[in-house]
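Chemist: below are the sequence and a predicted model; questions follow.
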Amino acid sequence: MDAGGISDLDLDKYDADEQVKIICLGDSAVGKSKLMERFLIDGYRPQQLSTYALTLYKYTTTINGQTVLVDFWDTAGQERFRSMHPSYYHKAHACIMVFDVQRKITYKNLPIWYKELREYRPEIPCLVVANKIDADMKVTQKNFSFAKKQGLPFYFVSAADGTNVVKVFKDAIQMALSYKRNSNDFMDEVMRELENFDLDSKESSDKDEETQEGKPDSA
Ligand SMILES: Nc1nc2c(ncn2[C@@H]2O[C@H](COP(=O)(O)OP(=O)(O)OP(=O)(O)O)[C@@H](O)[C@H]2O)c(=O)[nH]1
Ligand SMILES: [Mg+2]
């Protein structure tokens, strides 16, 4: 199976024209899962594959008349080790990076997440999300400069009351799509080439027919 979750089978099954993968990063308990659930609550949610390490949410939407299948990847647990398995990043088209406005440490850890993201996916759009603003609206006055410094889009959101949740996810899908369409990312080019390459290049294995020697005559 393809670790990137991109397969023609899925495109057929969901009658989709295009498929994008969006990953979610951030410390434990910042609200990554709650944000996904909040967004998907009204959305079409045909499938949820769950393992102890990963939840994959499938979502379809129509953009400019095209049906887009979105794979949202969410982790459970791995982020405690502050390092994700490389397959998590594999072929991702956008990243939603979350911190908890009530816990400063989760904001301070953003550069660590961002560094790892960029090691695997140097070019993909990354959206920075300050979650849990419902707990204290005053935080929206604060200056969280990380996103600005990196030139990344920034959102104040609340998974609890829904503030800006749809906006973040819709933007993420749009950015993922435009990335996919316009990407000059070298690794993406390579992956595209590999996908087109017919792996079914069976070398004429008939050559290794072994000459059957007659059984030694038993006297
Ligand atoms: N007040 C408030 N609490 C929230 C919000 N979003 C999440 N929470 C709470 O924060 C806790 C953690 O939320 P999760 O969505 O499980 O966090 P997570 O990032 O998925 O955590 P891991 O799966 O452990 O990495 C839960 O108790 C949520 O109810 C929010 O917007 N406001
Ligand atoms: Mg979670």
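Modeler: Okay, I see it. Ligands and ions are numbered 1, 2, ... in the order given.
Chemist: can you map out the strands along this protein?
Modeler: 18-25, 48-50, 54-63, 66-75, 94-100, 126-131, 154-156 (DSSP state E).
Chemist: make JSON lines from the ones you listed and add distance to ligand 2 to it.
Modeler: Just so you know, the C-beta spots here come from the backbone N, C-alpha and C atoms, and that holds for glycine as well. Shown next, in JSON lines, are these (distance: least, C-beta to the ion, whole Å):
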{"stretch": "strand 18-25", "distance to ligand 2": "8"}
{"stretch": "strand 48-50", "distance to ligand 2": "11"}
{"stretch": "strand 54-63", "distance to ligand 2": "8"}
{"stretch": "strand 66-75", "distance to ligand 2": "6"}
{"stretch": "strand 94-100", "distance to ligand 2": "10"}
{"stretch": "strand 126-131", "distance to ligand 2": "12"}
{"stretch": "strand 154-156", "distance to ligand 2": "19"}
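Chemist: right, so of those strands, which gets closest to Asn109?
Modeler: Closest approach to Asn109 among the strands of the chain (C-beta to C-beta): strand 94-100, 7.4 Å.
Chemist: just the angle between the closest one and strand 18-25, please?
Modeler: 30 degrees (axes from the mean of the first three to the mean of the last three C-alpha atoms, to 10 degrees).
Chemist: helices or strands next to strand 94-100 in the packing?
Modeler: Identification of packing neighbours for strand 94-100 by 3 or more C-beta pairs under 8 Å, 6 or more residues apart in numbering; DSSP states H and E yields strand 18-25, helix 32-40, helix 104-108, helix 110-120, strand 126-131, helix 165-182.
Chemist: one step back: quickly, which of the strands of the chain bottoms out on average pLDDT?
Modeler: Ranked by mean pLDDT, the strands of the chain end with strand 48-50 at the bottom, a mean of 53.
Chemist: and Lys170, how many neighbours?
Modeler: 13 (other C-beta atoms under 10 Å).
Chemist: pLDDT wise, what is it at?
Modeler: 96.
Chemist: now for the strands of the chain, which one comes closest to ligand 1?
Modeler: strand 126-131 (5.1 Å; C-beta to the nearest ligand atom).
Chemist: ok now that closest one, how far from the chain's centre?
Modeler: Relative to the chain's own centre, strand 126-131 is displaced by 14 Å; criterion: C-alpha atoms, centre = their mean, to the nearest Å.
Chemist: stretch 150-167 now?
Modeler: The answer for stretch 150-167 is 17 Å, by C-alpha atoms, centre = their mean.
Chemist: with stretch 111-124 instead?
Modeler: 13 Å.
Chemist: now do stretch 59-70
Modeler: 16 Å.
Chemist: using PDB, write out the CA atom coordinates for it.
Modeler: The C-alpha coordinates for stretch 59-70 follow below in PDB (Å, rounded to 0.1, in the frame of the first residue of the first chain):
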ATOM      1  CA  TYR A  59     -13.300  14.200   3.100                       C
ATOM      2  CA  THR A  60     -14.700  15.100  -0.300                       C
ATOM      3  CA  THR A  61     -15.500  18.600  -1.400                       C
ATOM      4  CA  THR A  62     -16.200  20.400  -4.700                       C
ATOM      5  CA  ILE A  63     -13.900  23.200  -5.800                       C
ATOM      6  CA  ASN A  64     -14.500  24.900  -9.100                       C
ATOM      7  CA  GLY A  65     -16.600  22.000 -10.300                       C
ATOM      8  CA  GLN A  66     -13.900  19.500  -9.500                       C
ATOM      9  CA  THR A  67     -14.400  16.800  -6.800                       C
ATOM     10  CA  VAL A  68     -11.400  16.900  -4.500                       C
ATOM     11  CA  LEU A  69     -10.700  14.000  -2.100                       C
ATOM     12  CA  VAL A  70      -8.900  15.200   1.000                       C
END
